[in-house]
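Colleague: just need the structure, nothing else, for what follows:
(2 chains)
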Protein chains: 2
Amino acid sequence: MNNLLYTICALFVFLSSCNTADKDNPPHQNTTAMEKKKSEGPLVCAKQPMAADGIVRLSKIEVYPQHLDEYMKYAIEVGEISLRTEPGVLTMYAVAEKENPCRITILETYVSSEAYKEHIISEHFLKYKRGTLHMVKSLVLSDQTPLNPASQLKNFIQ
Amino acid sequence: MNNLLYTICALFVFLSSCNTADKDNPPHQNTTAMEKKKSEGPLVCAKQPMAADGIVRLSKIEVYPQHLDEYMKYAIEVGEISLRTEPGVLTMYAVAEKENPCRITILETYVSSEAYKEHIISEHFLKYKRGTLHMVKSLVLSDQTPLNPASQLKNFIQ
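Modeller: Sure, this is the predicted structure:
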């Protein structure tokens, strides 16, 4: 009888812990965990919902050719850290023109103007800004309105 | 003793079923189901992986002001249908400049040149192209290279 009760208790604890594990990792976090296992790369943090004063922006940057390689490193680093650590940064997706890689466009999405303000005083942004100031020939910040509010982007690090 | 065994069995079945429910709906599907329930809108189809000849493009379109409202409807429709039905279309994210909404940029991502070829002969694309030809003042297709290959976008309809 004691053995039976012991087995039951062990079974109960085992099943409860299996179940609790799922509760501790809701579906979205489970997906993230799967992505982590698959990619073994850095993850993005949970994101806040878009507020009424959210910002969708195309930042258009022209870099001096002699600084392009170094600029890329700064831009990749600040993009990754912002996505990984800032709940208010939804996208930070940077592309360079094939015809002229010195012309860079970054699709930046912030959930609110407050999130943007936090971004530009963050340590990683200031490192990028100060480190690349002399590399940037021109910078145009062009705020945008999505044509279709139902069309959403999720930016993640794979 | 019988009562005890009955209770144990009931407990076992209950805990197993709780656990099985999560197994039947893997995390990713749970998320999708949640998105579906939340949005009750059209979903995007499963997407193919990016191939070596994949295309990341910024299409820059200027629309005649008198046709802007009508153009928007065509652009939203073709974007939604492409995302929902084409496994080779990863993003079709359109934005308009706040300062001049006639200037539209679409971030288009195709998994391969073949996927792009299929897109431009699709019924929905041809409807858009033929329907908006007289509305478009200028069109520039600017192919891009993502700065950070690890930074990925998922475009979906919410």
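
Colleague: okay, CA-based contacts and neighbour counts for the rest of this
Modeller: Will do.

Colleague: quick one: low-confidence ranges for chain A?
Modeller: Within chain A, the segments meeting pLDDT under 70 span A:1-42.

Colleague: tell me where it has strands.
Modeller: Secondary structure of chain A by DSSP state E: the strands cover A:55-63, A:89-97, A:103-110, A:136-146, A:151-157.

Colleague: nearest residue to the residue nearest to the spatial centre of chain A in space, please, no chain neighbours.
Modeller: The residue lying closest to the centre of chain A (C-alpha atoms, centre = their mean) is residue A:83, at 2.1 Å. Of all residues not flanking residue A:83 in the chain, residue A:44 sits nearest, at 5.6 Å (C-alpha to C-alpha, 6 or more residues apart in numbering or on different chains).

Colleague: residue contacts, the one you found?
Modeller: With contact taken as C-alpha atoms under 8 Å, 6 or more residues apart in numbering or on different chains, residue A:44 is in contact with A:83-85, A:156-157.

Colleague: how about 6 Å then?
Modeller: A:83-84, A:156 (C-alpha atoms under 6 Å, 6 or more residues apart in numbering or on different chains).

Colleague: please apply the same query to residue A:48.
Modeller: Residue A:48 makes contact with A:87-88, according to C-alpha under 6 Å, 6+ apart.

Colleague: what separates it from chain B, distance-wise?
Modeller: Residue A:48 sits at a distance of 16 Å from chain B (criterion: C-alpha to the nearest C-alpha, to the nearest Å).

Colleague: quick check: phi and psi on that residue?
Modeller: Here is the backbone geometry of residue A:48 (degrees, to the nearest 10): phi -80, psi 160.

Colleague: kindly report the same for the one 5 residues further on.
Modeller: The phi and psi torsions at residue A:53 (degrees, to the nearest 10) take the values phi -100, psi 30.

Colleague: ok, and the closest non-adjacent residue to it?
Modeller: Per C-alpha to C-alpha, 6+ apart, closest to residue A:53 is residue A:112, 5.0 Å.

Colleague: and if you look at residue A:95?
Modeller: Closest residue to residue A:95 apart from its sequence neighbours, by C-alpha to C-alpha, 6+ apart: residue B:146 at 4.2 Å.

Colleague: which one of the contacts of residue A:44 sits closest to chain B?
Modeller: Set against chain B, the nearest of those by C-alpha to the nearest C-alpha is residue A:156 (5.3 Å).

Colleague: wait, does stretch A:121-140 make contact with chain B?
Modeller: No - counting by C-alpha under 6 Å from any C-alpha of the partner chain, chain B is not contacted by stretch A:121-140; separation bottoms out at 12.2 Å.

Colleague: and chain A, which of its residues are near chain B?
Modeller: Applying C-alpha under 6 Å from any C-alpha, one finds that chain A approaches chain B through A:19, A:27-28, A:30-31, A:76, A:94-98, A:143-148, A:150-158.

Colleague: what's the burial count for residue A:110?
Modeller: Residue A:110 is flanked by 26 other residues according to other C-alpha atoms under 10 Å in any protein chain shown.

Colleague: so how far is residue A:116 from it?
Modeller: Noted for residue A:110: a distance of 6 Å to residue A:116, by C-alpha to C-alpha, to the nearest Å.

Colleague: likewise residue A:133?
Modeller: Distance, residue A:133 to residue A:116, using C-alpha to C-alpha: 19 Å.

Colleague: quick one, which of the two is more surrounded?
Modeller: Neighbour tally, residue A:133 and residue A:116, criterion other C-alpha under 10 Å: the higher count belongs to residue A:116, 19 against 11.

Colleague: ok, that one - contacts?
Modeller: Under the criterion of C-alpha under 6 Å, 6+ apart, the neighbours of residue A:116 are residue A:110.

Colleague: let's see stretch A:137-145 as PDB, backbone CA atoms only.
Modeller: Once non-C-alpha atoms are left out, stretch A:137-145 reads as follows in PDB (Å, rounded to 0.1, in the frame of the first residue of the first chain):
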ATOM      1  CA  LYS A 137      26.900  61.500 -45.800                       C
ATOM      2  CA  SER A 138      23.100  62.100 -45.500                       C
ATOM      3  CA  LEU A 139      20.200  61.000 -43.400                       C
ATOM      4  CA  VAL A 140      16.500  61.400 -44.200                       C
ATOM      5  CA  LEU A 141      13.900  60.200 -41.700                       C
ATOM      6  CA  SER A 142      10.600  59.700 -43.700                       C
ATOM      7  CA  ASP A 143       7.600  58.800 -41.600                       C
ATOM      8  CA  GLN A 144       5.100  56.600 -43.200                       C
ATOM      9  CA  THR A 145       1.500  55.400 -43.000                       C
END
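
Colleague: distance of residue A:62 from residue A:81?
Modeller: Counting by C-alpha to C-alpha - residue A:62 and residue A:81 are separated by 22 Å.

Colleague: please apply the same query to residue A:54.
Modeller: Remark: distance between residue A:54 and residue A:81 (C-alpha to C-alpha) = 20 Å.

Colleague: pretty sure residue A:106 is in contact with residue A:96, am I right?
Modeller: No - assessed by C-alpha atoms under 6 Å, residue A:106 is found out of contact with residue A:96, at 8.8 Å.
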